[in-house]
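Engineer: Pasting a predicted model and its sequence here:
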2 protein chains.
Amino acid sequence: MSMAEPDPRPQRDATRTRAAILHAAQQAFSAKGYTDTGVRDITAAAGVNPALVSRYFGSKEKLYEAALSQLLNAELVLGFPRARFGEAVVRMLLAPAPQQRNPLPMMLLASADPTARAITERLLTELFLEPMARWYGPERGAEKAACFSLLASGLTLYRQIYPLAALEGGLSDETRGWLAGAFQSLID
Amino acid sequence: MSMAEPDPRPQRDATRTRAAILHAAQQAFSAKGYTDTGVRDITAAAGVNPALVSRYFGSKEKLYEAALSQLLNAELVLGFPRARFGEAVVRMLLAPAPQQRNPLPMMLLASADPTARAITERLLTELFLEPMARWYGPERGAEKAACFSLLASGLTLYRQIYPLAALEGGLSDETRGWLAGAFQSLID
DNA sequence: ATGATATGTATACCGCTGTTTACTTAAGGG
DNA sequence: CCCTTAAGTAAACAGCGGTATACATATCAT
């Protein structure tokens, strides 16, 4: 057997610790929501001390804001080809492991607490809805972006929060087509 | 001025008190969700003592179950005419005061707490999705019911939880038509 | 009227939560 | 090598949560 390689990394690394907290927070908030996730849950998963949340983020609330804003990013969706937009979106949302780096569960589960809801609403508007409205164009862009979010959030709700067997793996081609058509018809 | 009519009702009325708690619970759970609604909030709104929740419902959890199951009812939607189903649903969901006796906000906000989520999932399936799947018919009825809920929940999410100006009153005829068409195309 | 019971009240308990404080220890430049 | 500073720790605080307990009082049959 081999001797353990001496790790050149210092045992104390502020940036690494901060990132570990942020990652654990994203996982926990996406699984149990804002209120039902305790600071001690997050720090235990990250393997650090609970007091470090206050040190690195100021408060649980600020940590939530940092965690969500890192996840909310319109670029991925906005890069899909317009001609096959519906198909691409449905393929993404129906991917086998969609919970990875997806801000939607976090948003849905954070909607209960008023503080987290206000933060979520602001970030969602600034980082997603407004860019997407511009992408759709001047003609009812905001309404189209809202309808897009409505579809995507509803689908995520019944795939990850209240998982329905009807929307799992063996989804029929007809229903996939209905979903893709709904997304696509926002463009055409 | 007139003398106050002597109220023939007794000051202590168990059924009336129980109903007051149930109603206050529906309002509070629909506004702040399961975790962020305290038993003391509910009983204060109902004007009764906090201990009465345990007496009449056993626990906060049972109260939530009673509150939601009274609201979850597929009959209204299932009575709409099939030919103009999409229009009727959109008119209902876009009504000026939709928060009255609408189970959707309560469901959306309760999705954070694992206990409440489990209760909600069970009631939603038994009281809504299964009847609706039968209503749609044997051909992909469950998938259609899921798509219906997906649309309705998404729309409610961005009308009541994260209220978007784009979905408020002055919604364009085109977008209304898109919504109605999405609902209708689940039937045709 | 009177006692039994249903109804409602006051209060305390215990566990959990976010945050602060004072302290300990590792890191790295002089 | 040492000593200043950054990084991390341990413990406690203050408040709130759901619930159980012991108590008070209105209601109704007898």
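Structural biologist: Looks like it came in fine.
Engineer: Give the buried residues for the longest helix along chain A.
Structural biologist: Looking across chain A with DSSP state H, the single longest helix is helix A:14-32. Neighbour counts using 16 or more other Cβ atoms under 10 Å in any protein chain shown place A:17-18, A:20-22, A:24-32 of helix A:14-32 among the buried residues. For every residue, glycine as well, the C-beta is placed using N, CA and C.
Engineer: which of those residues lies closest to chain B?
Structural biologist: Checking the buried residues of helix A:14-32 against chain B with Cβ to the nearest Cβ, the nearest one is A:Lys32 at 6.8 Å.
Engineer: now the helix or strand harbouring A:Lys144: how far from the chain's centre is it?
Structural biologist: For A:Lys144, the host element (DSSP states H and E) is helix A:141-156. A distance of 14 Å separates the centroid of the chain from that of helix A:141-156, by Cα atoms, centre = their mean, to the nearest Å.
Engineer: tell me what that helix is packed against?
Structural biologist: helix A:85-93, helix A:103-110, helix A:130-136, helix A:173-184, helix B:141-156, helix B:173-184 (3 or more Cβ pairs under 8 Å, 6 or more residues apart in numbering or on different chains; DSSP states H and E).
Engineer: related to what we said a few turns ago, quick check: mean pLDDT of the longest helix of chain A?
Structural biologist: Mean pLDDT, helix A:14-32: 97.
Engineer: what's the answer for stretch A:173-188, then?
Structural biologist: Rounded mean pLDDT across stretch A:173-188 is 97.
Engineer: near chain B, anything from that stretch?
Structural biologist: Yes - for stretch A:173-188, a contact with chain B is found by Cβ under 8 Å from any Cβ of the partner chain, at A:174-175, A:178-179, A:181-182, A:185-186.
Engineer: circling back to that earlier point, what's the most buried one of the helices and strands packed on helix A:141-156?
Structural biologist: helix A:103-110 (a mean of 26; mean count of other Cβ atoms under 10 Å in any protein chain shown).
Engineer: next structured bit after it?
Structural biologist: helix A:114-124.
Engineer: Around DNA strand C, which positions in chain A sit nearby?
Structural biologist: Contact residues (Cβ under 7 Å from any atom of the strand) of chain A with DNA strand C: A:10-12, A:37-41, A:50-51, A:53-54, A:59-61.
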